[in-house]
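>>> please work out how this folds:
(2 chains, ligands or ions: 1)
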Amino acid sequence: MSDSRQQILETVRANRSTPSEMPSLDQSWTCYDDPLSQFRTMVKAVGGQTEVLCDAVAASEWLASQQAYSESRQRVSLVEEVGTSDLSLDDLARPHDLASLEWAVLPGEFGVAENGAIWITDRSARHRAVYFLCENLVLVLPASEVVHHLHEAYERLGKFAASEEAPFGAFVSGPSKTADIEQSLVIGAQGPRSLVVLLIGQP
Amino acid sequence: MSHAAAAAEFIADEERTRWHDQAVWYVRQKRDRAAKSLPEWETLRETASQIKQHTLSKLDEYLEEFERNATRQGAEVHWARDADEHNAIVLKLLEQKGTKRVVKSKSMLTEECGLNPFLEKAGIEVIDTDLGERIVQLRNEHPSHIVLPAIHVKKQEVGELFHEKLGTKRGATEADYLTEAARHHLREKLLAAGAGLTGVNFAIAETGGIVVCTNEGNADLGTALPPVHIASMGIEKVIPRLEHLGVFLRLLARSATGQPITSYSSHFHGPREGQEMHVILVDNGRSQQMTEDDLRQSLNCIRCGACLNTCPVYRRSGGHSYHATVPGPIGSVINPARDPARHKSLPFACSLCGSCSDVCPVKIPLHHQLLSLRGKIVDRKLLPASKRWSMKLAAMVLKRSWLYRILGFGARCSLRWLPRFLLYNPLNGWGRQRDLPEPATKSFRQAFRDRNRKPGDK
Ligand code: SF4
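Alright, predicted model coming up:
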């Protein structure tokens, strides 16, 4: 095995191209006058829904007023004061037991205006499968936490992976989808069938 | 089989050819709209190209840095020189875990290595969890496109296939219904899997993490449930820094499908609690590809598929006509670059229109590479004799202006008199789909002289 390592590295070293500079990412990337509204437009464009609410209590009330949510049998929330939990993630030994989870209300860290993506990590979830296995996903984040574009996003994430134990992180843009059958877009491939983004507070 | 012969089979069905052409062109148009929506598109392409070029100039260092950091994050890194070694590593890991059921999310590399048949022979069930890949897997086929594996399959065919394999209603063709059936089937497989295999879109040297992009979320489910995650990547997938993802993720989905970003862009740094994570770095001809200056840049490829979607030849001949894991313009470069004898016809499956180079998000000069590969194939005497001799003949004529003049005169006369069967016979492959042009009455020299003759000159 280590032979292969050495052999590959040696060939690669021998075949290096002429040195070339690493380009600067300090460019004039497009910014938006109103990143929050751009973010909301993009979430809609990728098949999601957004609501701006003044605080956690209002968010919780909004959720409770949604029939599909209030009438469902299995819900989980990892966001304080928003939504209810019918089971506790920490008590589950295996993520597989989440297979019939209908709603998950989970924290998002920030949104990206250019593409409607929300950065999530599994810092607060014992089983990160909860983000992908639930039928309907609700992400909650402060309305003030919206960056313009991915460059700004990664600037923010600079330290995320430097730590010894970097969490799992992902950009989530809309619900799970596919267009693999004759290019017809179908929402709800293997993961969540819907995505609601609750933006709390003032931008 | 040569590309032309395989393509002839595909285009025999005119209706399907037109349908395929339009389906693929539709994706190209979506890409155009997405690219135009960003004023900095060209800056992004240029930056991406420079990052890749820089990376290749120090690839060994970045690979080692990646290995160091991935190990620090708790992943185990393996190295494989070729497909066989890669497959053996995967099998060994699975055997150590005693698992017989594996789910796989999209990975052109495992396709390249022939991993599925290899594992199946060892009694392991491998399920492709991307819907398009599952469709081609159930059809016992290979993907015909690197991003849209089942772009060549019609919904009626999916309906029949699912009726037979998944028990859906006979005659069903609605994408919603069929996707729903696949959802249940695939979630069941995902929940039962003992290991999850994924490809890698980007590996970050600085952090030791890998990034996997999907729309369906299948890579996330396939790694969040089973106790083992095995990620296979070509050595060219490594990028220096985390921040470089900003550039590549902005380009990737827009170039691929016109989406602003894929639904899921997941960053894995080591295993989750109680899980094992393995990353296999695969060479399989890549380091050799670096030896040739004019072909090295093809290692920049981020597998977006844009060059396939824009290619007039790909659109009208279908992915399977290339007989290679990666079809289209990029496939016509990397396959013959690694195995010229086997893929010698591919660089000729190209009109040199240059559209591929124009759309490529990492600025690979694809059509220049295709041209230079043609030269290499000629040098190695890999062309069929008919082409070799006709080219030799042409070169001989073009080198001698007197001969050229005589033959030009002959052609101008004879093309008018000769009966059709003499002109359009099996020796004239060019004339199969085309008519020869109406011969000019004067040669170019003659016409030029006449034009320059001043009035009054004799
Ligand atoms: S060569 Fe360029 S356009 Fe073609 S798949 Fe690769 S990155 Fe995309």
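>>> any idea which residue sits dead centre in chain A?
Closest residue to the average C-alpha location of chain A: A:V172 at 3.3 Å, with CA atoms, centre = their mean.
>>> let me see the contact set for the residue nearest to it when sequence neighbours are not counted.
In this structure, A:V172 finds its nearest non-sequential neighbour in A:I118, 5.2 Å apart by CB to CB, 6 or more residues apart in numbering or on different chains. The way it works is simple: take the backbone N, C-alpha and C, and place the C-beta from them, glycine included. By CB atoms under 8 Å, 6 or more residues apart in numbering or on different chains, A:I118 lies in contact with A:108-112, A:139, A:141, A:171-173, A:197.
>>> in chain A, which spans are helices?
A:2-14, A:35-45, A:56-64, A:67-70, A:130-133, A:150-156 (DSSP state H).
>>> distance between stretch A:128-144 and the chain's centre?
Remark: stretch A:128-144 is offset 7 Å from the chain centroid, using CA atoms, centre = their mean, to the nearest Å.
>>> show me what counts as buried in it.
Across stretch A:128-144, burial judged by 16 or more other CB atoms under 10 Å in any protein chain shown covers A:128-141, A:143.
>>> now, which of these sits nearest B:F448?
Nearest to B:F448 among the buried residues of stretch A:128-144: A:F132, at 70.4 Å, using CB to CB.
>>> please name the residues that touch the closest one.
So A:F132 contacts A:176, A:190-192, B:217, B:220-221, B:224, B:264 (CB under 8 Å, 6+ apart).
>>> in chain A, where is pLDDT below threshold?
Applying pLDDT under 70 to chain A picks out residues A:1.
>>> go with 80
Residue ranges of chain A with pLDDT under 80: A:1-2, A:161-165, A:203.
>>> please enumerate the strands of it.
A:49-53, A:75-77, A:103-107, A:110-112, A:117-121, A:136-142, A:146-147, A:169-172, A:177-178, A:186-187, A:194-200 (DSSP state E).
>>> with distance to B:Q446 added, can I get those in JSON lines?
Formatted as JSON lines, the strands of chain A follow (distance: least, CB to CB, whole Å):
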{"stretch": "strand A:49-53", "distance to B:Q446": "73"}
{"stretch": "strand A:75-77", "distance to B:Q446": "86"}
{"stretch": "strand A:103-107", "distance to B:Q446": "80"}
{"stretch": "strand A:110-112", "distance to B:Q446": "66"}
{"stretch": "strand A:117-121", "distance to B:Q446": "66"}
{"stretch": "strand A:136-142", "distance to B:Q446": "76"}
{"stretch": "strand A:146-147", "distance to B:Q446": "69"}
{"stretch": "strand A:169-172", "distance to B:Q446": "67"}
{"stretch": "strand A:177-178", "distance to B:Q446": "63"}
{"stretch": "strand A:186-187", "distance to B:Q446": "65"}
{"stretch": "strand A:194-200", "distance to B:Q446": "72"}
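>>> so which of these comes closest to B:L308?
strand A:177-178 (18.7 Å).
>>> who are the packing partners of the closest one?
On a contact count with 3 or more CB pairs under 8 Å, 6 or more residues apart in numbering or on different chains; DSSP states H and E, strand A:177-178 meets strand A:186-187.
>>> one more time with 6 Å
Contact here means 3 or more CB pairs under 6 Å, 6 or more residues apart in numbering or on different chains; DSSP states H and E; on that basis strand A:177-178 packs against no helix or strand.
>>> quick one: strands adjacent to it?
If you go by DSSP bridges, strand A:177-178 pairs up with strand A:186-187 (antiparallel).
>>> returning to that earlier point: of the helices of chain A, which stretch is the most buried?
Compared across these, helix A:130-133 shows the largest average neighbour count, a mean of 26 (mean count of other CB atoms under 10 Å in any protein chain shown).
>>> can I get that helix in CSV? Just the C-alpha atoms.
C-alpha atoms of helix A:130-133 as CSV (Å, rounded to 0.1, in the frame of the first residue of the first chain):
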residue,chain,number,x,y,z
VAL,A,130,-32.2,14.1,10.9
TYR,A,131,-31.5,16.8,8.3
PHE,A,132,-31.9,14.4,5.4
LEU,A,133,-34.3,11.7,6.6
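>>> what sits closest to whichever residue of the stretch 151-300 of chain B sits closest to chain A if chain neighbours are left out?
Scanning the stretch 151-300 of chain B for the residue nearest chain A gives B:G217, at 2.9 Å (criterion: CB to the nearest CB). Spatially, and ignoring its direct neighbours in sequence, B:G217 is nearest to A:G191 (2.9 Å; CB to CB, 6+ apart).
>>> OK, contacts around the one you found?
For A:G191, the contact set (CB atoms under 6 Å, 6 or more residues apart in numbering or on different chains) comprises A:132, A:176, B:217.
>>> which of those lies closest to the ligand?
Closest approach to the ligand among the contacts of A:G191 (CB to the nearest ligand atom): B:G217, at 22.9 Å.
>>> check contacts around that closest one.
Taking CB under 6 Å, 6+ apart, we find B:G217 in contact with A:132, A:176, A:190-191, B:264.
>>> same check, this time on A:F168
Here A:F168 is in contact with A:122, A:128 (CB under 6 Å, 6+ apart).
>>> against B:Q137, how distant is the residue nearest to the centre of chain A?
As judged by CB to CB, to the nearest Å, A:V172 and B:Q137 stand 27 Å apart.
>>> same thing with B:V247?
For B:V247, the distance to B:Q137 - CB to CB - is 33 Å.
>>> now do B:I51
From B:I51 over to B:Q137 the distance is 34 Å, taken as CB to CB.
>>> what's the neighbour count on the nearest residue to B:R139 once chain neighbours are set aside?
Distances taken as CB to CB, 6+ apart place B:L161 nearest to B:R139, at 6.1 Å, with adjacent residues excluded. Counted with other CB atoms under 10 Å in any protein chain shown, the neighbours of B:L161 add up to 19.
>>> same deal with B:K30?
Other residues within reach of B:K30 by the criterion other CB under 10 Å amount to 17.
>>> now B:A122, nearest residue through space, not along the chain?
B:L91 is the one closest to B:A122 (CB to CB, 6+ apart), at 5.7 Å.
>>> kindly report the residues of the stretch 51-200 of chain B close to chain A.
Within the stretch 51-200 of chain B, the positions adjacent to chain A are B:53-54, B:56-57, B:59-60, B:79, B:81, B:131-132, B:150, B:155, B:158, B:175-176, B:178-179, B:183, B:186-187, B:191 by CB under 6 Å from any CB of the partner chain.
>>> which of these fall in helices?
Using DSSP H, those in helices are B:53-54, B:56-57, B:59-60, B:131-132, B:155, B:158, B:175-176, B:178-179, B:183, B:186-187, B:191.
>>> can you give me the helices for the stretch 201-350 of chain B?
Residue ranges of the helices in the stretch 201-350 of chain B, as given by DSSP state H, counting those that start in this stretch, are B:218-224, B:244-256, B:286-289, B:293-296, B:306-310, B:312-317, B:328-338.
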